[in-house]
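> only geometry, no sequence info:
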């Protein structure tokens, strides 16, 4: 089966399943909800055809019809699929080796994370050999508003996008240092965008300090961050700043791996 690539991004394929997949690709690439009429205008397909395709994707859990009945967004099943692909890709291979080298250099636990809904999911993690450590396995989830990776990834969004996400997520005070005021978080996002890193100063777990940077994305926003975590007795916020050069080198290396993998995937699809 061949997926037919159209230069205008039309929904094409030589089977109904591939046409559904092509439509799903188009919807997943958007940072907004879609409507039936909007997709009809974009794809040029007949309205009954697009309506039937949306119904099939909604019934399969790959899309979710919103409460207003007009808009569609990605469904839970599709998001879980994306997470599983990322998890399985990072458990082994070059990215894991980069993470392990980073841990060897810094001497503390490091992880690669991504935003999933209103949470941060750990895609890969390598633990320090130090006896005192906070153990978190790949697949673990942490709150977006009080994690360094969460704040780092959110800093790229518009204020409106952030407020919608944070307004829907419970801004629970996990520690006495957790920031739960959206305006205060907005001020921090401005600092993060300016400086290029985010800190978690015992905001999620007492005694845990974390610093994160983005994995650069060649086009658009990045949904990957790389971070180091350690007990505050070993990694104070001031000491955390000294880890930034190593974190940034690892992030750049992971970005190159991601770009090379995307190029190989593109070359493997027959045109």
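The structure has been received and is ready for your questions. Computed from a predicted model, the values in this text were never measured in an experiment.
> which ones are touching residue 243?
Going by Cβ atoms under 8 Å, 6 or more residues apart in numbering, residue 243 touches 106, 108, 211, 228, 235. Using the backbone N, CA and C atoms, a C-beta is placed for each residue, glycine as well.
> give me that answer again for 10 Å
For residue 243, the contact set (Cβ atoms under 10 Å, 6 or more residues apart in numbering) comprises 102, 105-108, 110, 197, 211, 213, 227-228, 230, 235.
> which two from the residues you listed end up farthest apart in space?
Farthest pair in these (Cβ to Cβ) is 107 and 197. Separation: 18.8 Å.
> more crowded one of those two?
residue 197 (22 against 14; other Cβ atoms under 10 Å).
> please identify the helix or strand for the closest residue to the more buried one other than its chain neighbours.
Distance criterion Cβ to Cβ, 6 or more residues apart in numbering; nearest residue to residue 197, sequence neighbours excluded, is residue 213 at 5.1 Å. Following DSSP states H and E, one finds residue 213 within strand 208-214.
> now residue 124
Going by DSSP H and E, residue 124 is part of strand 119-126.
> what is that strand packed up against?
Other elements packing on strand 119-126 under the criterion 3 or more Cβ pairs under 10 Å, 6 or more residues apart in numbering; DSSP states H and E are helix 76-91, helix 94-106, strand 109-116, strand 141-143, helix 148-154, strand 225-231.
> quick check: buried residues in it?
Judged by neighbour count (16 or more other Cβ atoms under 10 Å), strand 119-126 contains these buried residues: 119-126.
> from the chain's centroid, how far away is that strand?
Offset of strand 119-126 from its chain centre (Cα atoms, centre = their mean, to the nearest Å): 10 Å.
> if I read this right, residue 234 contacts residue 134, doesn't it?
No. With contact defined as Cβ atoms under 10 Å, residue 234 does not count as touching residue 134 (11.4 Å).
> who touches both of the two?
Shared contacts of residue 234 and residue 134, defined by Cβ under 10 Å, 6+ apart, are found at residue 128.
> residue contacts, residue 127?
Going by Cβ under 10 Å, 6+ apart, the list of residues near residue 127 reads 103, 108-111, 133-137, 229.
> change it to 7 Å
Applying Cβ atoms under 7 Å, 6 or more residues apart in numbering, we find residue 127 in contact with 109, 133, 135.
> and it, what are its phi and psi?
Dihedral pair for residue 127: phi -90, psi 150, per degrees, to the nearest 10.
> one more: residue 57?
Phi and psi for residue 57, reported as degrees, to the nearest 10, are phi -70, psi -40.
> ok, now residue 63?
Here residue 63 shows phi and psi, under degrees, to the nearest 10, equal to phi -120, psi 160.
> how much space is there between it and residue 134?
Counting by Cβ to Cβ, to the nearest Å, the gap from residue 63 to residue 134 is 37 Å.
> of those two, who's got more company?
Taking other Cβ under 10 Å, residue 63 and residue 134 do not tie; residue 63 has more neighbours (23 against 15).
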